[in-house]
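[1] Got a predicted model here, sequence first, then my questions.
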Amino acid sequence: MKDLIIETRGLNYYFGTQKVVDDLSLKVEKGSIYGFLGPNGAGKTTSIKILLNLLQSPADTVFLFGKEINTNRIASLKRLGALVEQPAIYAHLSGEENLYNRCMLLGINRKKAKEMLQLVGLEDAASKKAGKYSLGMKQRLGIALALLSDPELLLLDEPTNGLDPNGIIEIRNLMIELATKHQKTILVSSHLLSEIERIATHVGIINKGKLLFQGTINELHDLSKPMIELEINDIAKAQDFLEKNGYQVLGIADKKMTLPFVSTEECGKLNTLLVQQGLTVYSIYQIRKDLEHLFLDITKSN
Ligand SMILES: Nc1ncnc2c1ncn2[C@@H]1O[C@H](COP(=O)(O)OP(=O)(O)OP(=O)(O)O)[C@@H](O)[C@H]1O
């Protein structure tokens, strides 16, 4: 495994008596775009605020760049940029002035402001008052502000929330560019799988504070590979026979058995084999869960 830029180890967090983050063990590899997915109220923003040390984590549960956050707060925070909830923007200043202002506060050369405006595609709107920016432009300005200190890690909490389709595409392309051309590691939260699926290299799915899936986007896709569903009169006998003959039975539920789908020919062969064993096959068909349904299933059943 590559270096872990973010690691949480069995992290718990409570608001009063409500457990909002439950035994969360995130692993975010260097250079990845990690899609942090979950329905509303799942605990994404709280987790991100913990990663920013805006909410305090118990000792030895949160590690950024390999170091425990509470004991390395300043050093860790220097290496990250974040956009959580609304970007903090001065509406009466132009986009450029907002960036200059932040440059001054951080002791960064003003040249950097111009670079960032270009990077986020706001150079033409540089002198426009930020209060007059569209939502998408404000988000891009927020990302530009987060990027000023040239952080290695970006934490973006639902950066496409409320944007129109064009705005969504722009932010999505910007994230891809930041990761591929500028070697940033990005953790981006969303409640929409379709948002994350197109850009993420890794995915973590959270619900009610619990991590329900974590892996590469390909591992997530593997879960939605096609399967055969079989309805048979004697499911135990069929399972025994199939497993003895090298078939992989993926699951049994509601008197139905699922196996990996290989080909239509293979379905026919399977049918013949089962009938030859004296079994009655009521139905045999191919099923496939699309990712959106898979996500709904994962988050619903927990
Ligand atoms: N300051 C707070 N005080 C008390 N409870 C809170 C506070 N902030 C969040 N919560 C609760 O914690 C839970 C997780 O909220 P959180 O904002 O982290 O979820 P989320 O996944 O980011 O949701 P969304 O997609 O709606 O932003 C929710 O039940 C929420 O009501």
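    Looks like it came in fine.
[2] Residue 136 versus residue 96, what's the distance?
    18 Å (CB to CB, to the nearest Å). Yep, even glycine has a C-beta here, placed from its N, CA and C like the rest.
[3] Please identify the helix or strand for the closest residue to residue 63 other than its chain neighbours.
    Distances taken as CB to CB, 6 or more residues apart in numbering place residue 7 nearest to residue 63, at 4.4 Å, with adjacent residues excluded. Element membership of residue 7, judged by DSSP states H and E, is strand 4-8.
[4] what residues are up against residue 89?
    98, 130, 133, 138, 141-142, 145 (CB atoms under 8 Å, 6 or more residues apart in numbering).
[5] so residue 204 sits in a strand?
    Yes. The assignment for residue 204 by DSSP: H, G, I helix; E, B strand; the rest coil puts it in a strand.
[6] Do me a favour and get the backbone dihedrals for the residue of the stretch 51-200 of the chain found nearest the ligand.
    In the stretch 51-200 of the chain, the residue found nearest to the ligand is residue 191; the distance is 4.9 Å by CB to the nearest ligand atom. Dihedral pair for residue 191: phi -100, psi 0, per degrees, to the nearest 10.
[7] near the ligand, which residues of the stretch 51-200 of the chain?
    By CB under 6 Å from any ligand atom, the residues of the stretch 51-200 of the chain that approach the ligand are residue 191.
[8] so who does the residue of the stretch 51-200 of the chain closest to the ligand touch?
    By CB under 8 Å, 6+ apart, the residues touching residue 191 are 37-40, 42, 44, 158.
[9] Equivalent analysis for residue 266, please.
    Contacts of residue 266 (CB under 8 Å, 6+ apart): none.
[10] Next, give phi and psi for it.
    phi -60, psi -40.
[11] Could you check the pLDDT of it?
    As predicted, residue 266 sits at a pLDDT of 87.
[12] Can you name the residues bridging to the residue nearest the centre of the chain?
    Nearest to the mean C-alpha position of the chain, counting by CA atoms, centre = their mean, stands residue 35 at 1.4 Å. Beta bridges link residue 35 to residue 188, residue 203 when assigned by DSSP bridges.
[13] List the contacts of it.
    For residue 35, the contact set (CB under 8 Å, 6+ apart) comprises 188-190, 195-197, 199-200, 202-204, 217.
[14] redo that, cut-off 7 Å
    188, 190, 196, 200, 203 (CB atoms under 7 Å, 6 or more residues apart in numbering).
[15] One more: residue 289?
    Applying CB under 7 Å, 6+ apart, we find residue 289 in contact with 224, 297.
[16] same deal with residue 98?
    89-90, 130, 141, 145.
[17] Buried ones among the residues you listed?
    Among these, those scoring as buried are 89, 130, 141, 145 (criterion: 16 or more other CB atoms under 10 Å).
[18] what's the farthest-apart pair in those residues?
    The distance between the two most remote of the buried ones among the contacts of residue 98 (CB to CB) is 10.3 Å, for 130 and 145.
[19] so how many other residues sit close to residue 41?
    Residues lying near residue 41 (other CB atoms under 10 Å) number 13.
[20] Report the separation between it and residue 189.
    Here residue 41 is placed at a distance of 13 Å from residue 189 (CB to CB).
[21] Also residue 232?
    From residue 232 across to residue 189, the span is 43 Å (CB to CB).
[22] So for the two, which residue has more residues nearby?
    Each of residue 232 and residue 189 has its neighbours counted (other CB under 10 Å); residue 189 has more, 26 against 21.
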